[in-house]
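> Here's a sequence, model it:
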Amino acid sequence: MEKINGRLLSWASILEEETRAQALATSRMPFVFPHVALMPDAHLGKGATVGSVIPTDRSLIPAAVGVDIGCGMDAVLTPLTADDLRARGSLAPLREAVARAVPLSAGRYNEALTTTAAARVTQLEALAEQARFDPGATAGNWRLQLDSLGSGNHFIEVSLDEQMRVWVFLHSGSRGVGNKIAQRHIAVAAELCQKWWIDLPHPDLAYLVEGTDEFWAYVRELRWAQEFARLNRAEMVDRVMDCVAEFVGHDVERLEEVSCHHNYTEQEEHFGRKVWLSRKGAISAKEGELGLIPGSMGDRAYVVVGRGNRVALDSAPHGAGRALSRAKARRTFTQEDLRERMAGVEWDAASTAFLDEHPGAYKPIDVVMADAADLVEVRHELRQVVNVKGD
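Alright, predicted model coming up:
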């Protein structure tokens, strides 16, 4: 851990100067208490650094939560082993079945709801009514977005742990509806700060003040979007588990399930004060709490248990963290490079859409996990054998 100043602590051994400067600007906001914690995967973000934990007193910075509200990961341990998969031969039919069952890529969603998705939509409708919020006015097709993956670094994987047991692992968030909620409140915060003549180090650090109607409207919609993201992942897990069961020819039990957000806000108590804790690209890692830290495409992922590091605000990294922009990754790597890195994994090798997700565009997951040694303990190490992504 590096103390950059009294209000910014970093666990990142790889930290660009631009990222450091961005995090410093956030840490100097007057309502930050006690300090900003930078995770090992920290990198430059919009307004606030990705991989940062930002505790704020009676204020919230919408851009410090991010636009994919509730983005996170789910994993399920099954009783299957590598031998059960090998007995079926090629894993291509499993990957293709998952790609048919779950709408992939930005802007793609379901044509109709399954029975389980309809039940989850009913939950969200009730929650929206309690929150005095009309999600249909934000995104008219939000119901059909439930059980959709998205693109970028979102993924669905089938993986093997150190005992060669099969896991289902996926990463996604609140999709288009969460993005629109976030963008609207980021704009509201900017307008209010301008109206009140508040001088900001960066426009995206515009904030909302507790007690105002605008603040509580954001909190209500934020919580709704976080629940949407959780249920979205749960619905995808259901469909992927059905695909696995069909592939092996029998029902598949769930031995263990882990779910965690990494773009969200909750009220928590830290150093004797109740604050709004925004984890932008970070997971909760309270003592004994299970969490998930994926590597980059084709790399390892980890099931972890939190150590409850008080100084790190009970937090841990959410993944490998980008080292190269998407544009630079496309200039740096070739499709052949990516094929070599994905050797041994069943993936859509015919697509040219994933080059910016090349593992070399991310920080080495070994370094990130070494930096996180006092934040989490590794419970399981996962190696993917099937990878499904949206282009």
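
> what about residue 102, distance to residue 122?
Using C-beta to C-beta, to the nearest Å, residue 102 is found at 21 Å from residue 122. The C-beta positions use only the backbone N, C-alpha and C, and glycine is treated the same way.

> the more surrounded of the two?
residue 102 (23 against 11; other C-beta atoms under 10 Å).

> Please settle this for me: is residue 37 part of a strand?
Yes. Checked against DSSP: H, G, I helix; E, B strand; the rest coil, residue 37 lies within a strand.

> Now for it, how many residues are close by?
Counted with other C-beta under 10 Å, residues neighbouring residue 37 total 30.

> That one - nearest residue in space that isn't next to it in sequence?
Distances taken as C-beta to C-beta, 6 or more residues apart in numbering place residue 53 nearest to residue 37, at 4.2 Å, with adjacent residues excluded.

> same thing with residue 121?
Going by C-beta to C-beta, 6+ apart, residue 121 has residue 143 as its nearest residue, at 5.0 Å.

> Pretty sure the one you found sits against residue 120.
No. Judged on C-beta atoms under 8 Å, residue 143 makes no contact with residue 120 at a distance of 9.5 Å.

> The two: who's more crowded?
Higher neighbour count among residue 143 and residue 120: residue 120, with 23 against 20, using other C-beta under 10 Å.

> Please give the element, helix or strand, for the more buried one.
helix 115-130 (DSSP states H and E).

> Check which residues of that helix are buried.
When burial is assessed from 16 or more other C-beta atoms under 10 Å, helix 115-130 yields the following buried residues: 116-117, 120-121, 124, 127-128.

> Show me what the next helix or strand after it packs onto, helices and strands only.
Sequence-wise, the next helix or strand downstream of helix 115-130 (DSSP H and E) is helix 135-138. With contacts taken as 3 or more C-beta pairs under 8 Å, 6 or more residues apart in numbering; DSSP states H and E, helix 135-138 sits against helix 175-195.

> Now do the helix it packs on, average pLDDT.
Average pLDDT, helix 175-195: 94.

> residues in contact with the helix or strand that it is followed by?
Sequence order places strand 208-209 as the next helix or strand after helix 175-195, per DSSP H and E. Contact partners of strand 208-209, identified using C-beta atoms under 8 Å, 6 or more residues apart in numbering, comprise 58-62, 185, 188-189, 192, 214-215, 218.
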